[in-house]
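S.K.: Here's my sequence, what's the structure:
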Amino acid sequence: MRKTWNIESGVRRNIAPITRSTRSKSRSASGASWAKKLSDFWRRLARFYGISREQYEGLLAKQGGVCGICRKPPQEPLCVDHSHATGRVRGLLCRKCNTGLGSYDDDPSVMAAGIAYLRKAAADDAAIVAESAGAAAPE
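M.R.: Numbering: from 1, shown residues only. Here you go, the predicted model:
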């Protein structure tokens, strides 16, 4: 048994370790197979974004089968990125990139400030590395 904190009550209690039998029971209890999850995914596309499976696959092909921002191939179905103001679908993004945009409230000025911050930090890091390499060089 391992111990964990219950955040709400502030009490530490024992919990049973997750075993193979526990894991398989919880999976089958959910009743959702991968085919069912994928079927639900296609239905949600139509309901929330008004696009069909064919349109989704067309967007994916137009983007070369990768995320619209980081350009990495997906490990799971890509998220449908849309404008919260108009509802217009902008493209497909991986979960990380979609969450990043949402974290910045889709505000380009905040994202630009983030880019400037990262560039400055990278330049500072490069200067420190160059300085320490120069100090370590034998004379």
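S.K.: contacts and neighbour counts: CA atoms only from here.
M.R.: Fine.
S.K.: pretty sure V80 is in a strand, no?
M.R.: Yes. Applying DSSP: H, G, I helix; E, B strand; the rest coil, one finds V80 inside a strand.
S.K.: which residues touch it?
M.R.: Listed by C-alpha atoms under 8 Å, 6 or more residues apart in numbering, the contact set of V80 reads 49, 89-93.
S.K.: What distance do you get for it to A113?
M.R.: 25 Å (C-alpha to C-alpha, to the nearest Å).
S.K.: what's the answer for R71, then?
M.R.: 22 Å.
S.K.: do the same with K72
M.R.: 24 Å.
S.K.: pLDDT below threshold where in the protein?
M.R.: For the chain, residues meeting the criterion pLDDT under 70 lie at 1-32, 34, 135-139.
S.K.: Which parts of it are helices?
M.R.: In the chain, the helices defined using DSSP state H lie at 20-30, 34-44, 53-62, 95-103, 108-136.
S.K.: buried ones in the second one?
M.R.: By that I understand helix 34-44. Residues of helix 34-44 classed as buried: R43 (neighbour count, 16 or more other C-alpha atoms under 10 Å).
S.K.: quick one: contacts for A127?
M.R.: The contact partners of A127, by C-alpha under 8 Å, 6+ apart, come to none.
S.K.: For S109, state which of the contacts of V80 is nearest.
M.R.: R90 (18.5 Å; C-alpha to C-alpha).
S.K.: Which among the helices of the chain is found nearest to E76?
M.R.: When these are compared by C-alpha to C-alpha, helix 95-103 sits nearest E76, at 8.8 Å.
S.K.: For R90, which residues are in contact?
M.R.: R90 makes contact with 80-83, according to C-alpha under 8 Å, 6+ apart.
S.K.: now with 10 Å?
M.R.: R90 makes contact with 59, 68, 80-83 under the criterion C-alpha atoms under 10 Å, 6 or more residues apart in numbering.
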